[in-house]
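Student: Return atomic coordinates for the entry below.
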Amino acid sequence: MRTARTIGSNRWRLVAAAGAVALVATGCGSRPGAAGNGGARDANGVVNMVMAPDPVWKWLDDQGIRKEMEEEAGIKILTSSSWDEFGVYAGGHADVVSAAAYEVPELEKQTGEKTTIFGKFNSDRSIVAVRADSSAKDLCDLKGKKIVTHSAVSITIIWSVYARKFCDLDLRAGGGDFELVVTDPQNAAGLIERGDAEGGLLLPDFSIPQLSSGRIRPLYDAKSASQIYAEKFSSDPRDATHPQNNVFVARKAWVEKNPEEAAFLIKVWDRGVQEWAKNRNKIIEAYPEDFAAETPAEKAFIQDWLTNRYDWFVDTPYLDQAWVDSETHLFDLMKETGFVPEDTPAPHFTILRKP
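Tutor: Numbers count the residues shown, from 1 in each chain. The predicted structure follows:
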C-alpha cells in the first residue's frame, strides 16, 4: 500500500530522480535479470520489483505463500522496499515499479523508455476534511483558504482536477485560488484541528485521532477521490478503483520479452488481494504501522473505515478493457483541466489473462 511522501512544489514527483539514481547506484548493484538500458533483458525466472513497504506483501511473505508459489512456478520475486521507488527503477535496478497511473507519462519522459501498466492494486483513498465547526460544504467553499496536503502532486492532482471541474477553481502550489501548504501526512489533520488550516486533503489512516473524535469532519460524505471519480467520471459508477495510486509498471520491452515472469507477478498479487479480503483485520493487527494505527481504538477505527466507508485495495490486479478505458479517461480530464499538455500520450496497458 502506498503511503505518503512529502514532495516539493513541482507538478510531478520525479523531479529528484537524477539525484536518487546516483544514490541508489552507490548502494546496490543490478541483480540478475534487472532491466538495464533498453529494458529488454531476459528475466531468467527472476523478477526484480521495487515498491513502498506494503502489508499484503509482508503477509504473503510471513505466511510462506510467496515462497510456496515461487517454488511451484520456478520463478523468484526479489523485492526492494523503498520510498524512492522511482529512483531505483530509473537507475535500472528493478524490472517492475509500483507507481500511480497518472505518473507514468513522466516516468517515461525521465527514463526515455516506453513502459506499460500490467496490473492494479490500490486506489486513491484521500478525502477532503475541515474542522468540525466549519461551514464549508465542499471544496468550492474553501476558495481563498489555507489547504494542507502531503504533496503538491500525488493526491493533489486529482483534487485539483475536481476543483477545476466542479468550481472552475485552481488548486495548486505557489498560486491559484487556494493557499496550498505541503506538510507531512501525519501533521495535516492536526493543523486543521488547531485552526492553522481551514481544510485539507487527507489520508484517513494518517488522520485517525481527529476523524474518530469528530474534531474534524470529512466533506463529500467522507467519499474518497476514487469514489467521487466513480460517481462523476467512470463508465461504471460501481467501480471505485480509479484513479490508481498503485499500479504495476515495467518497461514495455521487458514485459514483451518476459511474459511468463510478468504473469507470475500478477498471479502472486491476485493471491495477495484474496488474502486481504479474507484476513483484512488480521493483516491490520499484524502490521499496524502500515496503517498509522497504534492503539486498539485506532486499529478498530481503520478496520471500520475499510469495512463501511472505503476499502482501497482492488478485488483483483488483473486488467480488462473496460477498466483500462475508465482509467485512461483520467488523462483526458488532466488534459482538459491543464495538468498535462494536450499532446501527452496516455499510458500503455498490457492486459494479462487470469489463468
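
Student: For this structure, which segments count as helices?
Tutor: 17-27, 55-62, 65-73, 85-90, 104-111, 155-167, 185-193, 208-213, 225-232, 252-257, 259-286, 296-308, 321-336 (DSSP state H).

Student: Would you point to the one among these that's packed deepest?
Tutor: Of all the helices of the chain, helix 85-90 carries the top mean neighbour count, a mean of 26, counting by mean count of other CB atoms under 10 Å. To be clear about C-beta, it is placed using only N, CA and C from the backbone, and glycine gets the same treatment.

Student: so how far is it off the chain centroid?
Tutor: Relative to the chain's own centre, helix 85-90 is displaced by 15 Å; criterion: CA atoms, centre = their mean, to the nearest Å.

Student: Now that residue 337 has come up, it's in contact with residue 158, right?
Tutor: No - in this structure, residue 337 is not within contact of residue 158 by CB atoms under 8 Å, at 10.4 Å.

Student: weakest of the helices of the chain in terms of mean pLDDT?
Tutor: Mean pLDDT is lowest for helix 17-27 among the helices of the chain, at a mean of 30.

Student: now the strands for the stretch 1-150 of the chain?
Tutor: Under the criterion DSSP state E, counting those that start in this stretch, the stretch 1-150 of the chain contains strands at 46-51, 76-81, 96-99, 115-123, 127-131, 146-149.

Student: Mean pLDDT, mean neighbour count and distance to residue 333 for those - can I get that in a markdown table?
Tutor: Shown next, in a markdown table, are the strands of the stretch 1-150 of the chain (pLDDT from 0 to 100; neighbours: other CB atoms under 10 Å; distance: least, CB to CB, whole Å):
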| stretch | mean pLDDT | mean neighbour count | distance to residue 333 |
| --- | --- | --- | --- |
| strand 46-51 | 91 | 23 | 26 |
| strand 76-81 | 89 | 18 | 32 |
| strand 96-99 | 90 | 26 | 19 |
| strand 115-123 | 96 | 24 | 16 |
| strand 127-131 | 98 | 24 | 18 |
| strand 146-149 | 96 | 25 | 19 |
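
Student: before we move on, the earlier item: for the helices of the chain, give me CSV that also has distance to residue 136.
Tutor: Output for those, formatted as CSV (distance: least, CB to CB, whole Å):
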stretch, distance to residue 136
helix 17-27, 37
helix 55-62, 33
helix 65-73, 45
helix 85-90, 35
helix 104-111, 32
helix 155-167, 12
helix 185-193, 11
helix 208-213, 16
helix 225-232, 16
helix 252-257, 44
helix 259-286, 31
helix 296-308, 21
helix 321-336, 24
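
Student: Nearest to residue 46 among these would be which one?
Tutor: The closest of these to residue 46 is helix 259-286. By CB to CB, the value is 7.4 Å.

Student: just the angle between the closest one and strand 46-51, please?
Tutor: Helix 259-286 and strand 46-51 are oriented at 40 degrees to each other (axes from the mean of the first three to the mean of the last three CA atoms, to 10 degrees).

Student: Which strands or helices does helix 259-286 pack on?
Tutor: Applying 3 or more CB pairs under 8 Å, 6 or more residues apart in numbering; DSSP states H and E, we find helix 259-286 packed against strand 46-51, helix 55-62, helix 65-73, strand 76-81, strand 115-123, strand 244-251, helix 296-308.
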